[in-house]
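Novice: here is a sequence with its predicted model. Questions after.
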Protein chains: 2
Amino acid sequence: MAKLVECIPNFSVSREKDPAVFNALVDCAKSVPGCFLFDVQSDGNHNRCVFTLLGSPEAIEEAAVKLTGLAAEKIDMRKHQGQHPRMGATDVIPFVPQTADMTVEDCVSLSKRVAERIWNEFGIPSFLYEDSATRPERRNLADCRRGQFEGMPEKLLQEDWAPDYGERKIHPTAGITAIGARMPLVAFNVNLDTPDVEIAKKIAKAIRGSSGGFKYCKAIGVMLEERGIAQVSMNMVNYEGTPLYYTYEMIRALAEGYGVKIVGSEIVGLTPGKALIDCAAHYLKLENFNCTEQVMEYHLIGME
Amino acid sequence: MAKLVECIPNFSVSREKDPAVFNALVDCAKSVPGCFLFDVQSDGNHNRCVFTLLGSPEAIEEAAVKLTGLAAEKIDMRKHQGQHPRMGATDVIPFVPQTADMTVEDCVSLSKRVAERIWNEFGIPSFLYEDSATRPERRNLADCRRGQFEGMPEKLLQEDWAPDYGERKIHPTAGITAIGARMPLVAFNVNLDTPDVEIAKKIAKAIRGSSGGFKYCKAIGVMLEERGIAQVSMNMVNYEGTPLYYTYEMIRALAEGYGVKIVGSEIVGLTPGKALIDCAAHYLKLENFNCTEQVMEYHLIGME
């Protein structure tokens, strides 16, 4: 198995508003050997685009640095307008481990190497956020970004807001970048056989970490209008710390208290296979199961 | 995702008895571009070795043909002795799909191409077996091989035993080869909290296809002496036709009738991740889940 990491850099430019710069970034991403451009999203109203890159830690480091340099060269944040909050030409660079032998700690190291290089090579300072954060108040990206590009020169002079890498001043046109490692996020929703959204909201509150539930679960209760049923909608931000079946079984137990049953669930978008394989191992009571050794797909990744 | 196939050719030679020929076969397997030699097993008493190859259908076709040619050149079956039944220098060549976009039907086509080529290029006839079989009595490898190398000249003249490819006579020194496609096999055992092996045997009989149970399940009841408990030991020969959770839930229900509980289960060796992900999808009641689209690992396979 190869070590593979996902990198999802967000740039303050869009295909809709500035196709030349957007295309230059796409070409740059494709030009790095071993870096695979898996997906590109662009939003004209946000005037922002999001790349999904996959590759070895070395290839991804190279791509992140090169793209940040190119964005600094091509984007002038003094002229940037868009609905999405932003503080830099390369606004945020998350790193996510994608194979079982690549850990979040590996991604934290990678994030620090990139932060160091973009300061040394381009004079762009950065905050480390999420699992790379050096202090609790920097874990949350929104807290790092508060004040945005325009407010950053002043913010960096506050006692608590020196950049993690670089001096206490933004790059004049490229601003400042947030860089961090995190686990893959799994969007997991559970549907209830009730039209009463209040039940879903009460269950969501009970299971989410912020109000005393599972540490790595974010949850809200929503109504699925077209089906006339309520849903507990979750972001599982660390499926190893809080496995999906913890929340599923807890929702089942709490729903039962309201005389309500689970009718189904869904995964929105991508999930690591292991998040589901761990559930199978639980329900089948698998003993001594080693996912990376025994699951064929892990042996196929990185095979040439 | 890349299409990947597994090929597990069995040769009538061993590292222990004839290291030069064994090593020549290993070198040959490694020499085919895009073919990865995943595992090699050799048994001196059987005087037989088993290679596990992984690669694209094209690379695997090339490797299977090349290896069969080399084995024909180096191995003289008239002199071969070993405890394992055998009928050819390359005794059997199974093809197993290993990615979700590679089907058993693709492997059947591959098996026929290889069968045609080894007849045209080396004059080696073959039987198609398992899912490639052209008639029911050839599905089972043991039935094809009955009579072994020494009895084959006569067997091929029987009305029902003309080779699927080639004429009614063996290659003088390389014999005849069985070639076929099959699903990956999952070795799945379920442990019961009883020391009564008869209960495990009764449950095994109830769930296996041969006595009226699940079509793609082979099962026996065994005693785990060191733990003092009985086990239902299964070979799941098609986890899509008979998912693992079918047998697990049936064992649970039948065991309950004897006042017995499941204490755990195990997967022996390798399994396709999908065999377990399908179980997770069942227990979590996942709606509209598309394994190959939504599971990240499938996007990582074949990525360079």
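Specialist: All right, it came through fine. Quick caveat: nothing in here was measured; it's all calculated off a predicted structure.
Novice: name the SS class of residue A:179, please.
Specialist: strand (DSSP: H, G, I helix; E, B strand; the rest coil).
Novice: isn't it up against residue A:115?
Specialist: Yes: with contact defined as Cβ atoms under 8 Å, residue A:179 and residue A:115 form a contacting pair (4.9 Å). In this view, the C-beta of every residue, glycine as well, is placed from N, C-alpha and C.
Novice: for those two, list the residues in contact with both.
Specialist: Residues touching both residue A:179 and residue A:115 (Cβ atoms under 8 Å, 6 or more residues apart in numbering or on different chains): A:126, A:128.
Novice: neighbour-wise, which of those two wins?
Specialist: residue A:179 (29 against 26; other Cβ atoms under 10 Å in any protein chain shown).
Novice: partners of that one in the sheet?
Specialist: According to DSSP bridges, the residues that bridge with residue A:179 are residue A:93, residue A:128.
Novice: any idea how far it is from residue A:114?
Specialist: For residue A:179, the distance to residue A:114 equals 6 Å [Cβ to Cβ, to the nearest Å].
Novice: what number of residues lie near the closest residue to residue A:17 other than its chain neighbours?
Specialist: Spatial nearest neighbour of residue A:17, chain neighbours left out: residue A:47 (5.2 Å); criterion: Cβ to Cβ, 6 or more residues apart in numbering or on different chains. For residue A:47, the count of nearby residues is 20 (other Cβ under 10 Å).
Novice: how many neighbours does residue A:103 have?
Specialist: With other Cβ under 10 Å as criterion, residue A:103 counts 14.
Novice: OK, contacts around the closest residue to it other than its chain neighbours?
Specialist: Closest residue to residue A:103 apart from its sequence neighbours, by Cβ to Cβ, 6+ apart: residue A:97 at 5.8 Å. When the contact criterion is Cβ under 8 Å, 6+ apart, the partners of residue A:97 are A:5, A:6, A:103, A:104, A:106, A:107, A:181, A:183, A:184.
Novice: torsion angles phi and psi at residue A:97?
Specialist: Backbone torsions for residue A:97, taken as degrees, to the nearest 10, come to phi -70, psi 140.
Novice: next: the one 5 residues further on.
Specialist: Dihedral angles phi and psi of residue A:102 (degrees, to the nearest 10) take the values phi -110, psi 120.
Novice: any idea how many residues pack against the residue nearest to it when sequence neighbours are not counted?
Specialist: Leaving aside its sequence neighbours, residue A:102 sits nearest to residue A:3 (Cβ to Cβ, 6+ apart; 4.4 Å). Counted with other Cβ under 10 Å, residues neighbouring residue A:3 total 18.
Novice: residue A:3 contacts residue A:103, doesn't it?
Specialist: No: in this structure, residue A:3 is not within contact of residue A:103 by Cβ under 8 Å, at 9.4 Å.
Novice: would you map the strands across the stretch 101-250 of chain A?
Specialist: Remark: strands assigned in the stretch 101-250 of chain A by DSSP state E, counting those that start in this stretch are A:126-130, A:177-181, A:186-192, A:217-224, A:229-236.
Novice: from the chain's centroid, how far away is the third one?
Specialist: Between the centre of strand A:186-192 and the centre of its chain there are 18 Å (Cα atoms, centre = their mean, to the nearest Å).
Novice: and that strand, what does it pack onto?
Specialist: helix A:197-207, strand A:229-236, helix A:244-257, strand A:262-268 (3 or more Cβ pairs under 8 Å, 6 or more residues apart in numbering or on different chains; DSSP states H and E).
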